[in-house]
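Novice: Have a look at this prediction, sequence included:
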Amino acid sequence: MDRNTLSGLLLIGIILVGYSYWTKPSDAEVEAMQRKRDSIEQVQALQAEEEAKALTEEAQAEAASQANDSIPVQNDSILQVQNQEKFGLFATAANGEEELVKLENEKIEVFLSNRGGKPVQVRLKEYTTGWGDDLIIWDQDSSNFGFKFVDGNRFLNTEELFFKPSATEISVEGEELKTLSMKLFAGSKDKYIEYRYTLTGNSYLLDYTINFQGLADLAAQNANKVDFLWSLASPNKEKSIKTQNMYTTVFWKYQDDDSDYITETSAGKEELEEPIDWIALKQQFFSATIMSDAPISSEGAFVKTVDLSEQPDGKYVKRLTAGFPVMLSKNTVPSANYTFFLGPNKYDLLTSYDRGLDQQIDLGWGIFGWTNEYLIIPVFNLLESLNISYGIIILLLTIFIKIILFPLVWKNYVSSAKMRVLKPEMDVLNEKFKDADPMKKQQEVMGLYRQAGVNPLAGCVPMILQAPILYAMFRFFPSAIELRQKSFLWAEDLSTYDSVLELGFSIPFYGDHISLFTLLMAISLIFYSRTNMQLTPQSGAQATQMKVITYLMPVMLLLWFNDYASGLSYYYFTANVVSMLQMFVIKKWFINEEAIHAKIQEKRENNKVKKKSRFQQQMEDMAKKRGYKLPK
């Protein structure tokens, strides 16, 4: 490098250094520039932080969206695993939406649920409740119907699983017959449990079949039986829940034997000990009955009732339950066949099925039941065919019964007339032996009866013979669905009480209303009893007892019958009135007491040497043992 170049570079360097020094900022200017730089850096930092935050939130949202998209898949997987563990072969039938399928004909409407494949509601189309609503004998809110069985180590209940129905609605009329299939698939279209419901037109019967299609191994695993549980709460349908409670219970019929039932007045549980033909969840006028083609096994079978009538809502009367094993055939398609009766407890209708279903109508035991079956019901049906008012039918039925009982009434009245004409002599004996030993007095009285040819028990025998009819009517009227919702005079429904006045308060043992037919019955009974006392005069302690009974019995019946069927009270009222009319007519035109007295005096003369009756001889023997001397 030459001198000139070097000198030039040196000069430039001096100029640059000098200029730098000359333009150097002061300390104050340096501080101001630093503050400005710090502010810019802070703003940039905040901007960067906001941008980072926005990016983070966006990323989180995107990540969350991706996570949410994967949750259903995860939940489905978890649910599938849970269902597989819990339901095994039937895991695919564990979920679904409940839907109802309707079966109907002219008489019944049955709703089935795909959840459990079961009936959940039964309506009788020809009947209504006491207040005009649809009459439901089996409702969804309070019923259970299902089978329990095992699959490996799992206990399964069909009520928890969803069936596939073959149709959404089936309706039949006349002679038509249709079948609805409900299938519970076991993971394959070839393996399922099938319920088949077959309904015929104009019928109260519903056929029910269970099939294990392709599941013979499962059936064998359960020893070819499944446990069946059926339970429903009887809905309140009538005016008196108290009366319904008296006639609502579970009936069943043993194979080749009579029926049995849980006593209506007490709730309880009973184990069934013999093969069964049918089980009825019986309500007062209606029932749901299951009948089996083959005898129902009693192994583990039971029935149960629980009283619900005291619940505040008053919606149900009793809970009725039946449980028993369903035996499956050992064919390649194990199956079982049943038939439901879902209808009214009408005697002739139940009898027509020839399965003994009429035995659930309690007509009374022994002779009382026979009286109803062979006398009262046939006559009632005959009068019903005349198509007249049921109040008139009851009146005609009363007159008919009084006519066939007239020979007994006549015999009773003649006996009373004999006792009545002997009353003066009886009074003499009572006065003569008022302070004597009762046995001595009784012997004198029996001596008078023997001489007069009077049997003091002659009036009791006709009354005893009338008792079966009186009690038969007591059982018949509360069970007669023919009287249900049939009105007469002020009674709106002859099958329940006829309230003419609501008291607004409750009287113990009586109730909160006044039933007029019951009141009339009690009054007529007082007059009838007094008439009987006049016709058959009594004296002493016996007369006092009769007076007590005369007034006590009507009061007891007034309390007892106030909630009973007005048709029953009306029958007893008319029976008392007709009986008093009979007595009046007999006394007025058919009985001559003077002639009876003359005949008695004649017999007294003839019977002085007549052989004593066994009863008289026994009385005299007892008197002799006590040391009494008998009159000759």
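Specialist: Perfect, thanks for sending it.
Novice: Who are the contact partners of the residue nearest to D258 when sequence neighbours are not counted?
Specialist: Counting by CB to CB, 6 or more residues apart in numbering, Q359 is the residue found nearest to D258 once chain neighbours are left out, at 6.6 Å. Just so you know, the C-beta spots here come from the backbone N, C-alpha and C atoms, and that holds for glycine as well. Contact analysis of Q359 by CB atoms under 8 Å, 6 or more residues apart in numbering lists F251, K253, D258, S259.
Novice: for the stretch 501-632 of the chain, what spans make up the strands?
Specialist: Along the stretch 501-632 of the chain, counting by DSSP state E, counting those that start in this stretch, strands occupy 511-515.
Novice: for the stretch 201-350 of the chain, same thing?
Specialist: With DSSP E, counting those that start in this stretch, the ranges of strands along the stretch 201-350 of the chain come out as 205-213, 225-235, 249-254, 259-261, 268-271, 276-282, 286-296, 302-307, 316-327, 335-344.
Novice: now those strands as a markdown table including mean pLDDT and mean neighbour count?
Specialist: Output for those, formatted as a markdown table (pLDDT from 0 to 100; neighbours: other CB atoms under 10 Å):
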| stretch | mean pLDDT | mean neighbour count |
| --- | --- | --- |
| strand 205-213 | 94 | 20 |
| strand 225-235 | 93 | 21 |
| strand 249-254 | 93 | 23 |
| strand 259-261 | 88 | 17 |
| strand 268-271 | 89 | 13 |
| strand 276-282 | 94 | 25 |
| strand 286-296 | 92 | 21 |
| strand 302-307 | 94 | 18 |
| strand 316-327 | 93 | 22 |
| strand 335-344 | 94 | 20 |
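Novice: Could you export those strands to a markdown table, including columns for distance to Q582?
Specialist: Shown next, in a markdown table, are the strands of the stretch 201-350 of the chain (distance: least, CB to CB, whole Å):
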| stretch | distance to Q582 |
| --- | --- |
| strand 205-213 | 47 |
| strand 225-235 | 43 |
| strand 249-254 | 39 |
| strand 259-261 | 38 |
| strand 268-271 | 46 |
| strand 276-282 | 39 |
| strand 286-296 | 39 |
| strand 302-307 | 44 |
| strand 316-327 | 41 |
| strand 335-344 | 36 |
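Novice: Those: which one's closest to D512?
Specialist: The minimum distance between D512 and the strands of the stretch 201-350 of the chain falls on strand 316-327, with 18.8 Å, by CB to CB.
Novice: for the nearest residue to K330 once chain neighbours are set aside, phi and psi?
Specialist: Distances taken as CB to CB, 6+ apart place N224 nearest to K330, at 5.6 Å, with adjacent residues excluded. Reported as degrees, to the nearest 10, the phi and psi values for N224 are phi 60, psi 40.
Novice: if we can go back for a sec, among the contacts of Q359, which pair sits farthest apart?
Specialist: Greatest spatial distance among the contacts of Q359 (CB to CB): F251 and D258, at 10.8 Å.
Novice: I296 and V303, how far apart?
Specialist: 11 Å (CB to CB, to the nearest Å).
Novice: which residues do these two both contact?
Specialist: In contact with both I296 and V303: I279, using CB under 8 Å, 6+ apart.
Novice: Report how many residues lie close to the residue nearest to K330.
Specialist: By the criterion of other CB atoms under 10 Å, N224 has 18 neighbours.
Novice: okay, it: pLDDT?
Specialist: pLDDT, N224: 89.
Novice: List the residues that contact the most centrally placed residue in the chain.
Specialist: Against the mean C-alpha coordinate of the chain, by CA atoms, centre = their mean, the closest residue is Q283 at 3.4 Å. By CB under 8 Å, 6+ apart, Q283 lies in contact with I137, S234, K237, Q244, Y247, T248, V317, N345.
Novice: Below-threshold pLDDT in the stretch 401-550 of the chain: ranges please.
Specialist: Within the stretch 401-550 of the chain, the stretches with pLDDT under 70 are 436, 438, 453, 455-463, 465, 535-546.
Novice: wait, I meant the stretch 51-200 of the chain
Specialist: Looking at the stretch 51-200 of the chain by pLDDT under 70, you get 51-80, 83.
Novice: 50 - rerun?
Specialist: Within the stretch 51-200 of the chain, the segments meeting pLDDT under 50 span 55, 63, 67, 70-71, 73.
Novice: Let me see the ranges of the helices in the stretch 351-500 of the chain.
Specialist: For the stretch 351-500 of the chain, the helices defined by DSSP state H, counting those that start in this stretch cover 367-371, 377-384, 390-404, 406-421, 423-432, 438-452, 460-479.
Novice: I'd like to know which of these is closest to E106.
Specialist: With CB to CB as the measure, helix 377-384 is the member of the helices of the stretch 351-500 of the chain nearest E106 (21.4 Å).
Novice: What is the neighbour count of Y247?
Specialist: A count of nearby residues for Y247, using other CB under 10 Å, gives 18.
Novice: picking that back up, could you dump the contacts of Q359 into a markdown table and include distance to G130?
Specialist: Output for those, formatted as a markdown table (distance: CB to CB, whole Å):
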| residue | distance to G130 |
| --- | --- |
| F251 | 23 |
| K253 | 30 |
| D258 | 32 |
| S259 | 28 |
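Novice: what's the closest of those to E594?
Specialist: The closest of the contacts of Q359, once distances to E594 are taken by CB to CB, is D258, at 55.2 Å.
Novice: Tell me how far S297 lies from L328.
Specialist: Distance, S297 to L328, by CB to CB: 11 Å.
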